[in-house]
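In: give me a 3D structure for the following:
(one chain, ligands or ions: 2)
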Amino acid sequence: MEHLTKTYKGGKKAVDDFNLSVAKGEFVCFIGTSGSGKTTTMRMINRMLKQTSGTIKLHDKDISQMDPVELRRKIGYVIQNIGLMPHMTIGQNITLVPKLLKWPQGKMTERAKKMIKLVELPESFLDRYPSELSGGQQQRIGVVRALAADQDLILMDEPFGALDPITRESLQDLVKDLQERLGKTIIFVTHDMDEALKLATKIVVMDDGKIMQVASPDEILRHPANQFVEELIGHDRLVQARPSITTVGQIMLKNVASTTPNKLLRDALREMHDRRVDSLLVTDDEKTLKGRIDIGDIDYNYQTATSVGDVMHQDIFRVSSSALIRDTVERILKRGLKNVPVVDEHNRLVGIVTRASIVDMVYDALWGTDDSRDDTDDQPTDQEKTTQPAATRGGDAK
Ligand code: ADP
Ligand code: MG
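Out: Numbers count the residues shown, from 1 in each chain. Ligands and ions are numbered 1, 2, ... in the order given. Okay, here's the model as predicted:
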């Protein structure tokens, strides 16, 4: 596809300068938000829609110059969730497209036998009707039907869109297996990143008619081209795919010095003294983070206030334990904070990140596990002593 553009009547530019080459045997997945132009692109490839400008070539031949019958022989199209025809036998269902392409009967019978073998069902099923098969068997027949006409290129537009996750997974396995065994080239639209990562040899990420990135699943996980792609992949998959990525949870200190709002200032003072820190985080009994109390607050209010809740600072800056260090460090350093509380998804206090632990991490990143730092490794730094006690490290910094 070269400089492919589609502007619908009314002015909507659904596809905008789309450039892509697909090699034989590739499994290409288009993924993107709804309305990003995936279906429009597919329909242009199949010439169901005429592009506004640009060229599509199949085997170096401009498809607009091809005879429609020849084109249908070469390109198959599977639309979203079309079931089997209830009044046709399984054999007739499988050879629906070959029949439209006017294959001779003998060739169709052979093909139907080959296809049913591929899904490990008995040949006798070819004479049955869809209702005589289980739902799962029908789904598998649907998949081989897409491959039955032996076209070079098969376009599949969200074929498993509305299926339950288990059926979906088994059909993904089937389509991937058949694609590899039969050496087919497939362009497959999905809005499910897991599906794309599982099936594709090449993923095309689209947004608002434009290609954001074309890359292998591995590459896309390692080097998402921009924030849109990163968001589409999602935080969890990024962290899983790149163990080198560090989350706040991995470097935070656990065992945080904390108190509760109902405690007397006197108790808080003693806690600070015992733990050699100059501030405490305040949580309720469920560990939900409520605020912070500093030694200065106690000093100033000692005569008038009695409980921690009276004088604590609320709405304090916090970070999530699943936040990426990369995104967090700068914010912490910029604010000039000595330490930042770390919370889980329920806003419960789970740890603390100190400036010192960030220094450690940057040091690790720059120097790796250099032997020369062994002597300093297990000792808390001065900064940690004055802010929060050095506690168990949440994990290795790398
Ligand atoms: P996707 O398949 O990625 O969800 P589509 O290709 O269906 O996206 O649509 C791309 C854009 O083109 C959307 O904004 C959609 O509203 C618009 N669009 C699709 N079909 C038509 C049409 N026949 N006429 C006008 N606009 C259309
Ligand atoms: Mg669509």
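
In: quick check, pLDDT for the spatially most central residue of the chain.
Out: By C-alpha atoms, centre = their mean, the chain has its centre lying nearest to Ile233, at 2.7 Å. Note for Ile233: predicted pLDDT of 90.

In: which ones are touching it?
Out: Residues near Ile233 by C-beta atoms under 8 Å, 6 or more residues apart in numbering: 193, 220-221, 224. Yep, even glycine has a C-beta here, placed from its N, CA and C like the rest.

In: dump those residues to TSV, plus secondary structure, pLDDT and distance to Val214.
Out: Listed next are the contacts of Ile233 as TSV, based on DSSP: H, G, I helix; E, B strand; the rest coil; pLDDT from 0 to 100; distance: C-beta to C-beta, whole Å:
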residue	secondary structure	pLDDT	distance to Val214
Met193	helix	92	15
Ile220	helix	92	9
Leu221	helix	90	14
Pro224	coil	91	12
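
In: widest-spaced pair of the residues you listed?
Out: Met193 and Pro224 (11.1 Å; C-beta to C-beta).

In: out of the contacts of Ile233, who has the most neighbours?
Out: Ile220 (27 neighbours; other C-beta atoms under 10 Å).

In: circling back: and of the contacts of Ile233, the nearest to ligand 1?
Out: Within those, proximity to ligand 1 (C-beta to the nearest ligand atom) peaks at Met193, which comes in at 14.6 Å.

In: so that closest one makes contact with Ile31?
Out: Yes - in this structure, Met193 is within contact of Ile31 by C-beta atoms under 8 Å, at 6.4 Å.

In: shared neighbours, those two?
Out: Leu232.

In: near ligand 1, which residues of the stretch 251-398 of the chain are found?
Out: Counting by C-beta under 6 Å from any ligand atom, no position of the stretch 251-398 of the chain is adjacent to ligand 1.

In: what about the stretch 251-398 of the chain, any weak spots by pLDDT?
Out: The model of the stretch 251-398 of the chain has pLDDT under 70 over residues 361-398.

In: where along it do the strands fall?
Out: For the stretch 251-398 of the chain, the strands defined by DSSP state E, counting those that start in this stretch cover 258-259, 279-283, 289-294, 319-320, 339-343, 349-354.

In: just put these in a markdown table and tack on distance to Glu2.
Out: Output for these, formatted as a markdown table (distance: least, C-beta to C-beta, whole Å):
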| stretch | distance to Glu2 |
| --- | --- |
| strand 258-259 | 62 |
| strand 279-283 | 59 |
| strand 289-294 | 55 |
| strand 319-320 | 44 |
| strand 339-343 | 50 |
| strand 349-354 | 50 |
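
In: for these, which one sits closest to Met156?
Out: Closest approach to Met156 among the strands of the stretch 251-398 of the chain (C-beta to C-beta): strand 319-320, 37.7 Å.

In: and the residue nearest to the centre of the chain, its phi and psi?
Out: phi -70, psi -40 (degrees, to the nearest 10).

In: show the contacting residues for Ser258.
Out: Applying C-beta under 8 Å, 6+ apart, we find Ser258 in contact with 280-283, 349.

In: now with 6 Å?
Out: When contacts are counted by C-beta atoms under 6 Å, 6 or more residues apart in numbering, Ser258 touches 280-281, 283.
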